[in-house]
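# Sequence first, then the predicted structure, then my questions.
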Amino acid sequence: MSIKNNCLYEKNNNLYFLTNEKSVLLLNFDDYESLCNNIKENKIFSNIISKLDIDDIQIIKEQFLPLFNYIILNNISIYISDNCNGSLYVENKNLSNNKGEEFLHNILKFLTTFYTNIDIIYDESLSFCDDISEIKNIEYFLTYEKKSLKDIKETLKADLIENEFIKEKRLSENKRYILPIYIDEVALKNKNIDNWNDYIPSWCSIAYLNMLAKIHDYFLDYYKIRTPKGLIKDDIMISLIDTFDYAIMPYPKNIKKSIEVGKQIYGKCFFIDKPLEMEELNNDLIMILQSKDIFNVVPYILY
């Protein structure tokens, strides 16, 4: 039996990826199951408990754990794709536990669905390298970023600065650049909208998406990319979602207001002076935005 590169296998309740004759421990199934069963004790879910003010573990398991599981599966699949050239060999055997079997099956399903360039080969006579050179953990894969996306984000950031979309010192608590939203209270009151303050959180989310769409379309033209415009999942949109947050800023006056109104055309800010309606989003984009809100990560969702 010979040791092959690009091997995915389960051993002793661990999932390994063999590349360049070294084994990377991707996931320990016991640790993963323990995290899912002890959510309240894990820092990954602290944002849900504190920010969203939800401490009912059953609600968290039902509403947020499926998204978490999807992100981990999704990102491990991307990691394998980033580090696999050509064929991927998979040990053809019954796994030692149902959890591992289901997990490996789902990863292979992701790879065959979204990466047609990877040829999966099942082999009963694989030999494995015992030299474990790297040990990954769940947090690593929660925040894993597609290799090609890193280069795009660096280029885009430089061009965002060059085109004055970014103010270097204007950062959110999550270390993202802020797109300002201005609330025109006078205009809203004149429209006789009852309890308009109650709608502000929803309108701000819509305004944020509106700004992202305009910036996205600006850079499609800037880079001369001929792909669909608007709120769609592509490398530029994902990069923008991870680059920008939004915040309500003091309403500008006089000349400053005129300057900001001009910036609104390009998505550099947004004035809320009327009710806003949400446009329909694709499921993959919804999952990306939910991942950011809940786990503060922006994954490249394979959907």
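Sure thing, it's come through.

# Spell out the residue ranges of the strands in the stretch 151-300 of the chain.
Using DSSP state E, counting those that start in this stretch, the strands found in the stretch 151-300 of the chain span residues 177-183, 244-248, 270-272.

# Okay, now the unreliable bits of the stretch 1-150 of the chain?
1-4, 21, 92-99, 127-130 (pLDDT under 70).

# Try it again at 90.
1-14, 16, 18-23, 29-30, 33-61, 63, 83-87, 89-133 (pLDDT under 90).

# next one: the stretch 201-303 of the chain
Counting by pLDDT under 90, the stretch 201-303 of the chain shows low-confidence ranges at 253-257, 259, 261, 278-280, 302-303.

# Send me stretch 143-163 as PDB with only the CA atoms.
Presented in PDB, the C-alpha positions along stretch 143-163 are these (Å, rounded to 0.1, in the frame of the first residue of the first chain):
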ATOM      1  CA  THR A 143     -13.600  31.800  10.700                       C
ATOM      2  CA  TYR A 144     -11.900  30.100   7.800                       C
ATOM      3  CA  GLU A 145     -11.600  32.300   4.700                       C
ATOM      4  CA  LYS A 146     -11.500  31.000   1.100                       C
ATOM      5  CA  LYS A 147      -7.900  31.600  -0.200                       C
ATOM      6  CA  SER A 148      -8.900  33.400  -3.400                       C
ATOM      7  CA  LEU A 149     -11.200  35.700  -1.400                       C
ATOM      8  CA  LYS A 150      -8.200  37.000   0.700                       C
ATOM      9  CA  ASP A 151      -6.500  38.500  -2.400                       C
ATOM     10  CA  ILE A 152      -9.700  40.000  -3.600                       C
ATOM     11  CA  LYS A 153     -10.400  41.700  -0.200                       C
ATOM     12  CA  GLU A 154      -6.900  43.200  -0.100                       C
ATOM     13  CA  THR A 155      -7.300  44.600  -3.600                       C
ATOM     14  CA  LEU A 156     -10.800  45.900  -2.900                       C
ATOM     15  CA  LYS A 157      -9.800  47.500   0.400                       C
ATOM     16  CA  ALA A 158      -7.000  49.500  -1.400                       C
ATOM     17  CA  ASP A 159      -9.500  50.600  -4.000                       C
ATOM     18  CA  LEU A 160     -12.100  51.500  -1.500                       C
ATOM     19  CA  ILE A 161      -9.600  53.800   0.200                       C
ATOM     20  CA  GLU A 162      -8.500  55.200  -3.100                       C
ATOM     21  CA  ASN A 163     -12.100  56.000  -4.100                       C
END
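
# hmm, who's touching it?
For stretch 143-163, contacts defined as CB atoms under 8 Å, 6 or more residues apart in numbering pick out 75-76, 78-79, 82, 166, 168, 177, 215, 218-219, 222, 235-236, 238-240, 242-243, 297, 299-300. In this view, the C-beta of every residue, glycine as well, is placed from N, C-alpha and C.

# what comes up buried for it?
Residues of stretch 143-163 classed as buried by neighbour count (16 or more other CB atoms under 10 Å): 144-146, 149, 152-153, 156, 160.

# and if you look at stretch 180-190?
Neighbour counts over stretch 180-190 (16+ other CB under 10 Å) mark 180-183, 188 as buried.

# again, but for stretch 81-91
For stretch 81-91, by 16+ other CB under 10 Å, it's 81, 84, 88-91.

# do the same with stretch 67-76
For stretch 67-76, the neighbour count (16+ other CB under 10 Å) marks 68, 70-76 as buried.

# same thing with stretch 213-224?
Residues 213-220 are the ones in stretch 213-224 that count as buried (16+ other CB under 10 Å).

# ok, Thr113 - contacts?
Leu302.

# So what's the gap between stretch 246-258 and the chain middle?
Relative to its chain's centre, stretch 246-258 lies at 30 Å (CA atoms, centre = their mean, to the nearest Å).

# any residues touching it, and which ones?
Contact with stretch 246-258 is made by 172, 178-185, 200, 204, 207-208, 211, 259-260, 269-270, as judged by CB under 8 Å, 6+ apart.

# pull the CA atoms of it into PDB?
Below are the C-alpha coordinates for stretch 246-258, written out as PDB (Å, rounded to 0.1, in the frame of the first residue of the first chain):
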ATOM      1  CA  TYR A 246     -23.300  50.600   9.500                       C
ATOM      2  CA  ALA A 247     -24.100  53.100  12.200                       C
ATOM      3  CA  ILE A 248     -26.600  56.000  12.700                       C
ATOM      4  CA  MET A 249     -24.700  59.300  12.700                       C
ATOM      5  CA  PRO A 250     -25.700  62.800  13.700                       C
ATOM      6  CA  TYR A 251     -27.700  64.400  11.000                       C
ATOM      7  CA  PRO A 252     -25.500  66.700   8.900                       C
ATOM      8  CA  LYS A 253     -26.400  70.400   8.300                       C
ATOM      9  CA  ASN A 254     -25.900  73.000   5.600                       C
ATOM     10  CA  ILE A 255     -22.900  72.400   3.300                       C
ATOM     11  CA  LYS A 256     -22.000  69.100   4.900                       C
ATOM     12  CA  LYS A 257     -25.500  67.800   4.200                       C
ATOM     13  CA  SER A 258     -25.100  68.700   0.500                       C
END
